[in-house]
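Q: Sharing a model that was predicted from the sequence below.
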Amino acid sequence: MRSTNETTLGLKTFFVLALGLLGTACDKEAPKAPPAPVVAEPVKTPPPPPAAVDGAVPSRPKMVANNDGLSLADRVAKRQAAEAKVAAELAAQEKERLLKYDRGKLPLHKQVFGFILKTRAQYDSAMKSGDKAKVDKLRESLNKPIVAMGKKMATIDPKGGNSNVTTDYDVMLNALANDYPEAIDASFDGDKQALADQTAELDKRSKKIEDWLVELKSAKK
């Protein structure tokens, strides 16, 4: 059997070893805990606008007056004048374009308009006779020449939009082929209104063409 001293020595040795192991374990750093997540700050809502006093009308933003010293009527007139100036400039440019185009077709213009004037004069002469049969006979004889002149007239502005008076030529040739002689016949039967309307229309277009041809002759090349 072990003596008491041996037992005491063994216990001491055990405690010394145990304390050494404990110290070694304490020297090792404990694992660090993960950092705490960053919490975003809550979005602050803007404070509500102050409540309006009962019966009070909310204020409106003030209008800034123009510093040009003009009244509203003056500003409107100024804007309209500027717009009219631009429109006049554009109209002048368009007129110059049409003049330039038609000036290059002047011989054809003279042929077509000369035929129209001659044909109308023939109808007026027949109308003065008071003989409806004479008017009808003239109408029949003029049918082919009017169609032929219509084809020649179309060569002035084949694509359209370049001549100032080809539309007038077309209307007048159609009237001389149909509406004008019919109106003359109606006038023999007492209906004068159709002839008055046709005469006014032909006169208006003839005046426009005459004025245009004068401009073509006098325009600078």
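A: Sure, I can see it.
Q: which SSE is the nearest residue to Gln198 once chain neighbours are set aside in?
A: Of all residues beyond its chain neighbours, the one nearest Gln198 is Ala183 (4.5 Å), with distances taken as CB to CB, 6 or more residues apart in numbering. All C-beta spots, glycine's among them, are computed from the backbone N, C-alpha and C. With elements taken from DSSP states H and E, the one containing Ala183 is helix 180-188.
Q: which other helices and strands contact that helix?
A: Packing contacts for helix 180-188, counted by 3 or more CB pairs under 8 Å, 6 or more residues apart in numbering; DSSP states H and E, involve helix 106-129, helix 132-154, helix 193-218.
Q: Could you check those helices and tell me which one is nearest Lys78?
A: Distances from Lys78 to each of those were compared by CB to CB, and the smallest falls on helix 193-218, at 33.0 Å.
Q: Give the residue spans of the protein that score low on pLDDT.
A: Applying pLDDT under 70 to the predicted model, the residue ranges of the chain that meet it are 1-66, 220-221.
Q: List the buried residues for the lengthiest helix in it?
A: Using DSSP state H, we find that the single longest helix of the chain is helix 72-103. Neighbour-count burial for helix 72-103, with 16 or more other CB atoms under 10 Å as criterion, is recorded at 98-99, 101-102.
Q: Switch the residues you listed over to CSV; also include distance to Lys110.
A: What follows is those, written out as CSV (distance: CB to CB, whole Å):
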residue, distance to Lys110
Leu98, 17
Leu99, 16
Tyr101, 16
Asp102, 11
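Q: Farthest-apart pair in those residues, please.
A: Leu99 and Tyr101 (7.4 Å).
Q: about what we covered before: can you lay out the helices and strands packed on helix 180-188 as a markdown table showing mean neighbour count and distance to Leu173?
A: Conversion of these to a markdown table gives the following (neighbours: other CB atoms under 10 Å; distance: least, CB to CB, whole Å):
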| stretch | mean neighbour count | distance to Leu173 |
| --- | --- | --- |
| helix 106-129 | 16 | 7 |
| helix 132-154 | 15 | 5 |
| helix 193-218 | 14 | 11 |
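Q: Using JSON lines, please lay out those together with distance to Val76.
A: JSON lines is the format used below for those (distance: least, CB to CB, whole Å):
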{"stretch": "helix 106-129", "distance to Val76": "43"}
{"stretch": "helix 132-154", "distance to Val76": "46"}
{"stretch": "helix 193-218", "distance to Val76": "34"}
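Q: got a list of what Gly160 touches?
A: Going by CB atoms under 8 Å, 6 or more residues apart in numbering, Gly160 touches Thr166.
Q: Quick check: it vs Pro107, distance?
A: 20 Å (CB to CB, to the nearest Å).
Q: Could you do Glu215 as well?
A: Applying CB to CB to Glu215 and Pro107 gives a distance of 16 Å.
Q: rewinding a little: give me the angle between the helix holding Ala183 and helix 132-154.
A: Helix 180-188 and helix 132-154 meet at an angle of 160 degrees, taking axes from the mean of the first three to the mean of the last three CA atoms, to 10 degrees as the criterion.
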